[in-house]
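Peer 1: Need coordinates for the below:
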Amino acid sequence: MENGEQEPVEDGDLEEDTALALQRLVDLTASMVTSVQTLRSCYRLVQELGAGTYGRVFLARPRQGGPPVALKLLPRASASRATFLREFCVGRCVSSNPGLLSTLAPPLQSPHHYAFAQEYAPCGDLSGMLEDRGLPELQLKRVGVQLARALDFLHSRGLVHADVKPDNVLVFDRACCRVALGDFGLTRPEGCPAPAPPGPLPSAPPELCLLQPPDTLALRPELDAWGLGVLLFCATTACFPWSVALAPDPGFETFAGWLTACPQPALPPQPWAQFSPAAQTLLRGLLALEPEKRSPPTAVLDWAGEAWLVEGARAEEEEGEEGHVGGGEEEGTGGEEEVSLDEGSEEEEGAQLGPGS
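Peer 2: Coordinates of the predicted model:
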């Protein structure tokens, strides 16, 4: 084009650019991975914070000093180097946003594990905060606003988190003045193929639940909008609205019937009746059955000034309350016992974690 004019960027070009940029970063980072004989040469492992299909997370203290970190370990027997590098690189790319968990350099590899450190959240994850009751309204709104902004930041970079759920929201204080979305193991550039879930997932949208292997679905930000809507319901009620977003699940059928009723019923069904009209409008937008009709996560910001609960705000916890949830409390170094992970030899490291950790 003449006079220095640039052709408009098509959506597909943006998706391709994000994927290419991420791959270039992965290729560059591959040569920067620090090899160590044992992970305990760099960190003292204090306690296990969580475990899943793909790895384990430990509270760890750097041997050279500094604040505690959450050290994520991926077994080399079951996790590919490319998967490890992609998760690390995504985490580093989004660490500037306070609503996304910071990933710390350098990435490590031992004979049996890949590992990288992230910020340590003293109050654990959101599911631990909920216990048997939902959050007070003020904390609920704080969580919603921070996650909405974090997802908007992620989407503006051409990425889809693809695993928004309470377990992946880390809490830094009991008043929820700061929470951060973590676990970027499933985060991919927009448009990448997503497979069918391995089993029923209450946070997955209908279009994903309907997939049958080997079919895939192109990742779109609307998937995260649905996850945010389900998360807000969980944060309010301390339970999921359904086991799976498909008929004949009774919870989902009740919701879908209410959503599609024309004209709308005078009163919403339980458990949706506990939400204010403003919150009902917000949730109905985030949880629209058709992806193209879903509200973006930033819709939360439009309703943050309205009451979200019919009964008004629940009894608020006092501001500045001290204390932490669960076993993730940060304590002094005195009296801490180190977790035995890879003491003595590489063989012991592999034997204690195993390839299926």
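Peer 1: What helix or strand is Val145 located in?
Peer 2: helix 137-156 (DSSP states H and E).
Peer 1: Tell me the strands beside the helix or strand just after that helix, with direction?
Peer 2: Using DSSP H and E, the helix or strand that follows helix 137-156 towards the C-terminus is strand 159-160. Here strand 159-160 is paired, per DSSP bridges, with strand 188-189 (antiparallel).
Peer 1: How is the chain divided into domains?
Peer 2: 20-122+332-339, 126-302 (automatic domain parsing).
Peer 1: Switch these over to TSV; also include distance to Val310 and mean pLDDT.
Peer 2: The C-beta positions use only the backbone N, C-alpha and C, and glycine is treated the same way. What follows is the domains of the chain, written out as TSV (distance: least, Cβ to Cβ, whole Å; pLDDT from 0 to 100):
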stretch	distance to Val310	mean pLDDT
domain 20-122+332-339	28	93
domain 126-302	6	96
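Peer 1: who wins for proximity to Leu309 among the ones you listed?
Peer 2: domain 126-302 (5.4 Å; Cβ to Cβ).
Peer 1: Can you give me the first-to-last residue distance of that closest one?
Peer 2: Separation of the first and last residues of domain 126-302 by Cα to Cα, to the nearest Å is 23 Å.
Peer 1: Repeat that for stretch 64-78.
Peer 2: Using Cα to Cα, the end-to-end distance of stretch 64-78 comes out at 30 Å.
Peer 1: what's the offset of stretch 239-258 from the middle of its chain?
Peer 2: 22 Å (Cα atoms, centre = their mean, to the nearest Å).
Peer 1: Just put the domains of the chain in a markdown table and tack on mean neighbour count.
Peer 2: A markdown table is the format used below for the domains of the chain (neighbours: other Cβ atoms under 10 Å):
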| stretch | mean neighbour count |
| --- | --- |
| domain 20-122+332-339 | 18 |
| domain 126-302 | 18 |
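Peer 1: Packing partners of the longest strand seen in the chain?
Peer 2: When the chain is parsed with DSSP state E, its longest strand is strand 43-51. Secondary-structure packing of strand 43-51 (3 or more Cβ pairs under 8 Å, 6 or more residues apart in numbering; DSSP states H and E): strand 56-62, strand 69-75.
Peer 1: The last one - contacts with which helices or strands?
Peer 2: If I follow you right, that is strand 69-75. Packing contacts for strand 69-75, counted by 3+ Cβ pairs under 8 Å, 6+ apart, involve strand 43-51, strand 56-62, strand 113-119.
Peer 1: which SS class is Gly199?
Peer 2: coil (DSSP: H, G, I helix; E, B strand; the rest coil).
Peer 1: So what does it look like in phi/psi?
Peer 2: phi -170, psi -180 (degrees, to the nearest 10).
Peer 1: how close does it get to Leu210?
Peer 2: 14 Å (Cβ to Cβ, to the nearest Å).
Peer 1: Tabulate the domains of the chain (a markdown table), appending distance to Trp308.
Peer 2: Below are these laid out as a markdown table (distance: least, Cβ to Cβ, whole Å):
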| stretch | distance to Trp308 |
| --- | --- |
| domain 20-122+332-339 | 19 |
| domain 126-302 | 4 |
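Peer 1: Tell me who's in contact with Pro106.
Peer 2: Pro106 makes contact with Met32, Val33, Thr34, Phe116, according to Cβ atoms under 8 Å, 6 or more residues apart in numbering.
Peer 1: wait, Asp249 sits on Phe255?
Peer 2: No. The pair Asp249 / Phe255 is not scored as a contact, 9.3 Å apart, by Cβ atoms under 8 Å.
Peer 1: Identify the contacts common to those two.
Peer 2: Trp242.
Peer 1: which one is the residue nearest the centre of the chain nearest to, not counting chain neighbours?
Peer 2: The centroid of the chain falls nearest to Asn168 when counting by Cα atoms, centre = their mean (3.6 Å). Nearest non-adjacent residue to Asn168, counting by Cβ to Cβ, 6 or more residues apart in numbering: Asp183, 4.3 Å away.
Peer 1: all strands for this protein, in order.
Peer 2: 34-35, 43-51, 56-62, 69-75, 103-109, 113-119, 159-160, 169-171, 179-181, 188-189, 193-195, 216-218.
Peer 1: Which one of those lies nearest to Ser96?
Peer 2: In terms of Cβ to Cβ, the element of the strands of the chain nearest to Ser96 is strand 103-109, at 11.1 Å.
Peer 1: any idea how far the closest one is from the chain center?
Peer 2: With Cα atoms, centre = their mean, you get 19 Å for strand 103-109.
Peer 1: again, but for stretch 150-162
Peer 2: Relative to the centre of its chain, stretch 150-162 is centred 11 Å away, using Cα atoms, centre = their mean.
Peer 1: Can you say which of the helices and strands packed on strand 43-51 is nearest to Leu287?
Peer 2: Nearest of these (Cβ to Cβ): strand 56-62, 29.8 Å.
Peer 1: CA atoms only: put the closest one into PDB for me.
Peer 2: Presented in PDB, the C-alpha positions along strand 56-62 are these (Å, rounded to 0.1, in the frame of the first residue of the first chain):
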ATOM      1  CA  ARG A  56       2.800 -30.900  42.500                       C
ATOM      2  CA  VAL A  57       3.300 -27.500  44.200                       C
ATOM      3  CA  PHE A  58       5.400 -26.900  47.300                       C
ATOM      4  CA  LEU A  59       6.000 -24.000  49.600                       C
ATOM      5  CA  ALA A  60       9.700 -23.500  49.300                       C
ATOM      6  CA  ARG A  61      12.400 -21.200  50.600                       C
ATOM      7  CA  PRO A  62      15.300 -20.200  48.300                       C
END
